[in-house]
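Visitor: Give me coordinates for this.
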Amino acid sequence: MAKKEDLNFNKNEDVNKLLVTDLEKRLDAVYMGGGKKRIEKHHSKGKLTARERIDYLLDKGSNRIEIGAFVGDKMYEEYGGCPSGGVVGVIGYVSGKQCVVVANDATVKAGAWFPITGKKNLRLQEISLENRLPIIYLVDSAGVFLPLQDEIFPDKEHFGRIFRNNAIMSSMGITQIAAIMGSCVAGGAYLPIMSDESLIVDKTGSIFLAGSYLVKAAIGEDIDNETLGGATTHCEISGVTDYKCKDDKDCLDTIKRMMDKIGDYEKAGFNRAESKNPKQEIEDVYGFLPDTREKQYEVRNIIKSLVDDSEFDEYKGSYGKTIVCGYARIDGWSVGIVANQRKVVKSKTGEMQFGGVIYSDSADKAARFIMNCNQKKIPLVFLQDVSGFMVGSRSEHGGIIKDGAKMVSAQANSIVPKFTIIMGNSYGAGNYAMCGKAYDPRLIVAWPSAQLAVMSGSAAAKTLLQIEVASLKRKGEKITKEKEDELYNKIKDKYDEQISPYYAAARLWTDAIIDPVDTRKWISMGIEAANHAPIEKQYNVGIIQT
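Guide: Numbering: from 1, shown residues only. Down below sits the predicted model:
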C-alpha cells in the first residue's frame with residue numbers, strides 16, 4: 001500500500017503536524033518579546049528591537065538557526081516572565097561569514113539579566129568558542145536583575161564568566177565585535193570593551209560603570225547619563241569606543257563592512273560533496289513517526305527522509321538491532337548516524353529485543369562505530385528515541401553495565417563534532433549514551449514529539465506512587481482505590497509537565513525545539529560551524545573493557 005493511502009501513516013502525519021502547528025504558535029508568542037506596548041515604546045526612541053536588529057544585520061535570504069528561543073518559558077512568572085531569557089541568539093551569516101549574533105531584548109525588563117539570561121549567554125559563547133566562530137554582541141541591557149542577583153552574580157558559571165570568556169576568546173583569535181545600541185551599565189560594561197572592536201549609537205547608546213543616579217549617591221556629582229557615558233564622551237574624550245554611529249542601521253551597516261573584510265579561516269577538513277535532496281520526501285517524517293509512544297516504527301525510514309539521495313550505508317546491520325548505525329551525507333556533509341530503533345526485533349540468538357532499549361550487543365556495536373567515525377574524522381549525528389539500557393538478570397549476567405560503559409566511554413572521548421536530535425524518548429542513561437547535553441554535542445535539538453526524563457511519566461508515577469502509598473500506610477492512613485488513582489494522576493500530571501520538550505528548552509537542556517523538516521539545515525549549519533575549528537587532539541578512548 002502506498003504510504004499516502006496508509007491510514008496509520010496519515011494518522012501519524014496529522015498528529016505530528018498538529019505538534020508543529022503548536023510549536024509555531026508558541027514561537028509567535030515568544031517573538032513578541034515584552035509585548036506590543038513595550039515594542040512601540042522601544043520604536044518611539046528611534047530604536048530597532050533585538051529581532052529587527054538581527055534581521056537587518058544578517059544576509060538577506062540566508063539560512064539562520066536560533067538558539068534558545070524558549071529559554072525562560074514559564075519561568076520567573078512572579079516577575080512578569082522572561083521570554084527568550086531577555087536575549088536573542090542566532091547562528092547566521094553576515095557578509096557571507098558564518099557567525100554567532102547575541103542581541104539583548106530591551107523590551108523584556110529593559111534587557112536585564114535573569115539567571116537564565118546568563119546561562120544562555122554562556123551557551124552562545126560556548127558555541128563560538130567550540131567552533132571558533134566570530135561573535136557579534138548587540139548590547140542593550142540594564143544589567144543584572146537585582147531581585148535575583150544572588151543567582152547570577154558570584155558563582156563560576158554566573159555573570160562574571162562571560163568576561164573571562166571574552167578574554168579567552170580574544171587570546172584564541174576569535175573575532176568579537178560589540179555594538180552599544182542602548183544601555184550598558186556596571187559589570188556589563190566590560191563585555192563590549194573586552195571585545196576586539198566596539199561601536200556606539202549616538203544619543204541612544206551609553207556605557208558606564210555607574211549611572212548618574214548612583215554617581216550622585218556615591219560621590220555627590222551632578223551629571224546626566226549622556227555626558228557621563230554617551231557616544232561623544234567615549235569616542236572623543238575617553239577613547240573607550242571605536243566607532244560613533246548615527247542610528248541603529250548605520251551601526252549595523254558598519255558591522256557588515258567590518259565582517260566583509262575578515263580573512264579566511266583554517267578548516268577542520270570535514271568531507272563535503274555536492275548536496276542532494278533525499279529521494280524520500282523529508283515531510284514523510286511526519287507520517288513515519290508514530291502518534292503514540294506505544295507503537296513501533298522503522299527508524300531507517302526516518303533516516304532515508306533526512307539523508308542525501310536517501311542513501312544510507314549501514315554498519316553491522318544484522319547485529320545489535322536496537323541501534324542502527326551507518327554512513328550517509330546530509331546537505332553534502334559526510335556523517336555517521338547512530339539511531340535508536342523503536343521496534344521489536346530478533347537478536348542474533350533469536351531472542352526478541354524490545355524497541356528503544358539498548359542491549360549489550362547494540363552498545364558494543366555503537367561504541368565501535370563511534371570509534372570508527374573518530375578515526376575517519378566523520379561528524380556524528382545521534383537520532384534519539386531511547387528508553388534506557390536493558391535491565392533484568394539476563395542482561396546483568398551478560399555484562400550490560402560493562403557494554404554500556406564502553407559506549408559511554410567512546411562517547412565521552414569523541415573528538416569529532418556531534419549533533420543530537422531528540423525525536424521521541426530520551427530517558428535515563430540512554431540519554432547519556434546517545435549524546436545528551438552532558439556529553440558535549442555541538443548542537444542538541446528536540447522535535448515537538450520529544451520527552452526528556454529519568455523515565456517515562458507512567459513509570460515514574462507508578463514508582464513514586466508506591467513510595468507515597470507506603471509512607472501513608474506507615475502513618476496509619478487507609479488507601480482506597482479512588483485515593484490511589486487520585487495520587488497517581490497528581491504525580492503523573494506533574495511529571496508529564498517536567499518531561500515536556502518545552503520544559504527542557506526553557507532551561508537550555510536543549511538548544512531548540514524544531515520542526516522535523518528543518519533537521520537537515522540544523523545539522524548542515526552545525527557541521528559548517530564545526531569546520532572552523534581544526535581538531536587538535538588525537539582520539540583516545542582510554543580504558544574500555546572488552
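Visitor: Centre of the chain to the lengthiest helix in the chain, how far?
Guide: With DSSP state H setting the assignment, residue counts place helix 7-30 as the longest helix in the chain. Averaging C-alpha coordinates over helix 7-30 and over its chain gives two centres that are 20 Å apart (C-alpha atoms, centre = their mean, to the nearest Å).
Visitor: Can you point out the buried residues in whichever helix or strand comes after it?
Guide: Per DSSP states H and E, the first helix or strand lying C-terminal to helix 7-30 is helix 36-44. Taking 16 or more other C-beta atoms under 10 Å as the basis for neighbour counts, the residues of helix 36-44 that come out buried are R38, I39, H42. Every C-beta, even on glycine, is put in place using the N, C-alpha and C of the backbone.
Visitor: what does the longest helix of the chain contact?
Guide: Helix 7-30 is touched from outside by 3-4, 69-70, 73, 83-84, 285-291, 447-449, 502, 513, 515-516, with contacts defined as C-beta atoms under 8 Å, 6 or more residues apart in numbering.
Visitor: Keep only those of these that are in helices.
Guide: Taking DSSP H, the ones among those that sit in helices are V285, Y286, G287, F288, Y502.
Visitor: How is F419 assigned, secondary-structure-wise?
Guide: On the three-state scheme (DSSP: H, G, I helix; E, B strand; the rest coil), F419 is labelled strand.
Visitor: In contact with it, which residues are there?
Guide: Contact partners of F419, counting by C-beta under 8 Å, 6+ apart, are P379, L380, V381, F382, P441, R442, L443, I444, W522, I523, G526, I527.
Visitor: The first one reaches I415, doesn't it?
Guide: No - between P379 and I415 there is no contact, the gap being 10.8 Å when judged by C-beta atoms under 8 Å.
Visitor: between the two, who's got more neighbours?
Guide: Applying other C-beta atoms under 10 Å to P379 and I415 shows that P379 carries more neighbours, namely 24 against 13.
Visitor: How about the more buried one, nearest residue that isn't a chain neighbour?
Guide: P417 (4.8 Å; C-beta to C-beta, 6 or more residues apart in numbering).
Visitor: who does C99 bridge with?
Guide: Beta-bridge partners of C99, counted by DSSP bridges, are G92.
Visitor: ok, it to Y56 distance?
Guide: C99 sits 15 Å away from Y56, going by C-beta to C-beta, to the nearest Å.
Visitor: same question, V517
Guide: Relative to Y56, V517 is positioned 27 Å away (C-beta to C-beta).
Visitor: Check I152 too.
Guide: For I152, the distance to Y56 equals 30 Å [C-beta to C-beta].
Visitor: which one of the two has more residues nearby?
Guide: A direct count of neighbours by other C-beta under 10 Å for I152 and Y56 places I152 higher, at 22 against 15.
Visitor: Helix or strand: which one has the nearest residue to F70 once chain neighbours are set aside?
Guide: Nearest non-adjacent residue to F70, counting by C-beta to C-beta, 6+ apart: A505, 3.8 Å away. With the criterion set as DSSP H and E, the secondary-structure element containing A505 is helix 501-506.
Visitor: For that helix, give the mean pLDDT please.
Guide: For helix 501-506, the mean per-residue pLDDT is 97.
Visitor: do stretch 140-156 as well
Guide: Per-region confidence: stretch 140-156 scores 88 on mean pLDDT.
Visitor: Which positions in it come out as buried?
Guide: Applying a neighbour-count criterion of 16+ other C-beta under 10 Å, the buried positions in stretch 140-156 are D140, S141, A142, G143, V144, F145, L148, I152, F153.
Visitor: gap between the two ends of that stretch?
Guide: Using C-alpha to C-alpha, to the nearest Å, the end-to-end distance of stretch 140-156 comes to 24 Å.
Visitor: which residues are contacting that stretch?
Guide: Residues outside stretch 140-156 that contact it (C-beta under 8 Å, 6+ apart) are 47, 50, 76, 79, 86, 103-106, 109-115, 117-118, 158-160, 181-188.
Visitor: 7 Å instead, please
Guide: With contact meaning C-beta atoms under 7 Å, 6 or more residues apart in numbering, stretch 140-156 is reached by 79, 104, 106, 109-115, 118, 158-159, 181-186, 188.
Visitor: same check, this time on stretch 385-400
Guide: 340, 342, 356-360, 404, 423-431, 434.
Visitor: out of those residues, which are buried?
Guide: Judged by 16+ other C-beta under 10 Å, buried ones among the contacts of stretch 385-400: 340, 342, 356-360, 404, 423-431, 434.
Visitor: Now, the residues you listed that are in strands?
Guide: Using DSSP state E, the members of those that fall within strands are N340, V357, I358, M423, G424, N425, S426, Y427.
Visitor: Out of those, which is nearest to L465?
Guide: Of all these, the one sitting nearest L465 is Y427; the distance, using C-beta to C-beta, is 18.3 Å.
Visitor: so what pLDDT did that closest one get?
Guide: If you check Y427, the pLDDT there is 92.
Visitor: Contact partners for it?
Guide: For Y427, the contacting residues are V386, S387, G388, A453, V454, M455, S456, by C-beta under 7 Å, 6+ apart.
Visitor: What distance do you get for it to D248?
Guide: When C-beta to C-beta is the yardstick, Y427 and D248 sit 46 Å from each other.
Visitor: what's the answer for V102, then?
Guide: As defined by C-beta to C-beta, V102 lies at a distance of 16 Å from D248.
Visitor: and the gap between the closest residue to I330 other than its chain neighbours and K478?
Guide: Distances taken as C-beta to C-beta, 6+ apart place I523 nearest to I330, at 5.0 Å, with adjacent residues excluded. For I523, the distance to K478 equals 56 Å [C-beta to C-beta].
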